[in-house]
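Participant: give the three-dimensional model of this entry:
(one chain, ligands or ions: 1)
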Amino acid sequence: MQQVDVVVIGAGFAGLVAARELGATGLDVLTLEARDRIGGRTWTDHRLGRELEMGANWVHWVQPHVWAEMTRYGRGIERSPRAEEAYWRGADGSPRRGSLDAFMELIDAGQQLVVDDVREAIPRGVEPCEGRIRELDHLSLQDRFDALALDAEARTANESVWVGHVNAPLDRVGLSSALRWVAAAGGHWQLMHEASATYRVTGGMRRFAEAIAADVAGEIRLGCGVVSVTQTGTGDDAHAIVETGTGERIRARRVVSTLPVNAIDAIRFDPPLPEAWQRQHAETVASQGCKIWLRARGHLPRFFAYGSQHDPISVLKAEFFLSDGTGDSTLLVGFGPDHRSVDPDDLGALQRAVDELRPGIELIEATTHDWMGDPLSRTTWMTHRPGQLTRDLCELQQPAGLLHFATTDNAALWGGFIDGAIESALREARAVAAALRGPEPAQRRAGLSPRARPGRQRR
Ligand SMILES: Cc1cc2nc3c(=O)[nH]c(=O)nc-3n(C[C@H](O)[C@H](O)[C@H](O)COP(=O)(O)OP(=O)(O)OC[C@H]3O[C@@H](n4cnc5c(N)ncnc54)[C@H](O)[C@@H]3O)c2cc1C
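Facilitator: Have a look, this model is predicted:
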């Protein structure tokens, strides 16, 4: 049986960073990834004539963990096209057209009102459960909108902006998701808006993930799904047996799971998962939407369009402009609140959905990845249901014996984002290294680097 210090389950951003950090302390780390690729919910794939991000796309310098990795690996950013035209639904439901400034003016008061109490609710973005949030966490985003006196047009526009952010109908999502991300952006909704959907990583997410993977000291084994984790033994003999889908068994002193809450049932844990994990998994987190790429004929003006939260596609945006042997085309990226309402093979239905948002577009083809249906994710980007944040977050961060949990789902600052995945990995790698190698300060006082410590064994 193979023996290692740590098994990391999953090679998304959380897994890659955890494996890199643990390997850097001299521990033997084996990363097991069920897919045939690294990156998890980031996935740069060649579709519709170019490299497209099927998962995460945007990062920002106010996201400190991802930005530190961007700096470390010399990654640059490029701006998604700035819209020159905006479309939204009027009070009667028909599309309105105006400038970006006109749309921003329409939503300004409403956006501010939704998060007006953010500084009392979550005074520090890094402590998302501290403050009045505990009193407010039972509210959904829809509850908050219902309590605001917005006129019909401003309300529809404001709601659709938030549906775009939270990727689910607003009555399913906790107000906490809006408040915590705006708190992470220093209390400014405009900055949160910019941070979540403006700057792409130059060269794409795949290369970003590959750069981190190149710094992982141990093996990253692809196509290797974990089916069970059993903790056994006591004292110095305490260890975990990690079993893969092919029946291989690996003995480890610690295990780091990076599985999202919604997908964690793919693994049988003995002892069973802590109550908070079981509870939140049974409820599922709130996100349930989709991201879809559409190719449209001709070079369209740079635009974005917002529908309503009841449309299959609630946000649509011109993202790339192609010219090839088949002529000019525009690649549009769309987001919808329910993955079951969007079928990439039903171009007729997609055309009707797009016509509702922005007339004058002729669709040619479409592609998506159903992250909700994907058994290895079952989530897009995590948003909480009402009550889940303050009830469960602290507990989700706690290790269960030899088992640690690093996932964007249990991050403090930008939970749901790549930044949160990295934050959680740094947190758990530090905890695992301290457990296996002793705390850093003691080592420093002794004048020893972890690599130089006596008694370290590589198996
Ligand atoms: C459509 C979409 C758009 C997004 N847009 C953005 C964005 O613009 N900006 C942003 O910051 N974030 C965005 N996100 C969120 C971001 O992608 C995630 O927050 C982040 O990638 C999560 O990283 P993670 O490592 O925590 O989880 P994951 O990336 O899900 O990694 C978990 C890994 O575990 C593997 N795994 C699962 N089960 C097993 C098993 N049994 N055995 C072995 N391996 C297993 C999975 O295959 C996966 O590789 C988006 C997500 C989606 C889906």
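
Participant: residue 348 in helix, strand or coil?
Facilitator: helix (DSSP: H, G, I helix; E, B strand; the rest coil).

Participant: for the stretch 51-200 of the chain, what lies in contact range of the ligand?
Facilitator: For the stretch 51-200 of the chain, the contact set with the ligand under Cβ under 6 Å from any ligand atom comprises 55, 56, 57, 58, 59. From N, CA and C alone the C-beta is placed, and that goes for glycine too.

Participant: got a list of what the third one touches?
Facilitator: Listed by Cβ atoms under 8 Å, 6 or more residues apart in numbering, the contact set of residue 57 reads 80, 197, 200, 205, 333.

Participant: and which of these is nearest to residue 376?
Facilitator: The nearest member of the contacts of residue 57 to residue 376, counting by Cβ to Cβ, is residue 205 at 16.5 Å.

Participant: how far out from the middle of the chain is the helix or strand harbouring residue 294?
Facilitator: Element membership for residue 294 (DSSP states H and E) is strand 290-297. Centre-to-centre, strand 290-297 and its host chain are 20 Å apart (Cα atoms, centre = their mean, to the nearest Å).

Participant: same check, this time on stretch 240-260
Facilitator: 23 Å.

Participant: quick one: average pLDDT of it?
Facilitator: Across stretch 240-260, pLDDT averages out at 98.

Participant: try stretch 176-195
Facilitator: For stretch 176-195, mean pLDDT is 97.

Participant: quick one: buried residues of it?
Facilitator: 176-185, 187-189, 191-193, 195 (16 or more other Cβ atoms under 10 Å).

Participant: count the residues that sit near residue 165.
Facilitator: Residue 165 is flanked by 24 other residues according to other Cβ atoms under 10 Å.

Participant: in this structure it contacts residue 189, no?
Facilitator: No: applying Cβ atoms under 8 Å, one finds residue 165 not in contact with residue 189, separated by 9.9 Å.

Participant: for residue 299, see how far away residue 89 is.
Facilitator: 25 Å (Cβ to Cβ, to the nearest Å).

Participant: neighbour count for those two, which is higher?
Facilitator: A count of neighbours by other Cβ under 10 Å puts residue 89 above the other of residue 89 and residue 299, at 22 against 14.

Participant: next, that one: phi, psi?
Facilitator: phi -90, psi 130 (degrees, to the nearest 10).

Participant: ok, the one 4 residues further on next?
Facilitator: Main-chain torsions, residue 93, degrees, to the nearest 10: phi 90, psi -10.

Participant: that one - how many residues pack around it?
Facilitator: The burial count for residue 93: 11, using other Cβ under 10 Å.

Participant: name the nearest residue to it, ignoring sequence neighbours.
Facilitator: Counting by Cβ to Cβ, 6 or more residues apart in numbering, the nearest residue to residue 93 once its immediate chain neighbours are dropped is residue 308, at 7.9 Å.

Participant: contacting residues for that neighbour?
Facilitator: 89, 93, 156, 159, 160, 314.

Participant: so the fifth one: helix, strand or coil?
Facilitator: Classification of residue 160 using three-state DSSP returns helix.

Participant: wait, it sits on residue 310?
Facilitator: No: between residue 160 and residue 310 there is no contact under Cβ under 8 Å: 9.5 Å.

Participant: which one of those two has more residues nearby?
Facilitator: Looking at residue 160 and residue 310 with other Cβ under 10 Å, you find the greater number of neighbours at residue 160, namely 26 against 14.

Participant: list the beta-bridge partners for the nearest residue to the more buried one once chain neighbours are set aside.
Facilitator: Distances taken as Cβ to Cβ, 6+ apart put residue 306 closest to residue 160, at 4.1 Å, once the chain neighbours are dropped. Following DSSP bridges, residue 306 is listed with bridge partners residue 315.

Participant: surely residue 306 and residue 95 touch.
Facilitator: No: applying Cβ under 8 Å as the test, residue 306 and residue 95 come out as separate, 9.9 Å apart.
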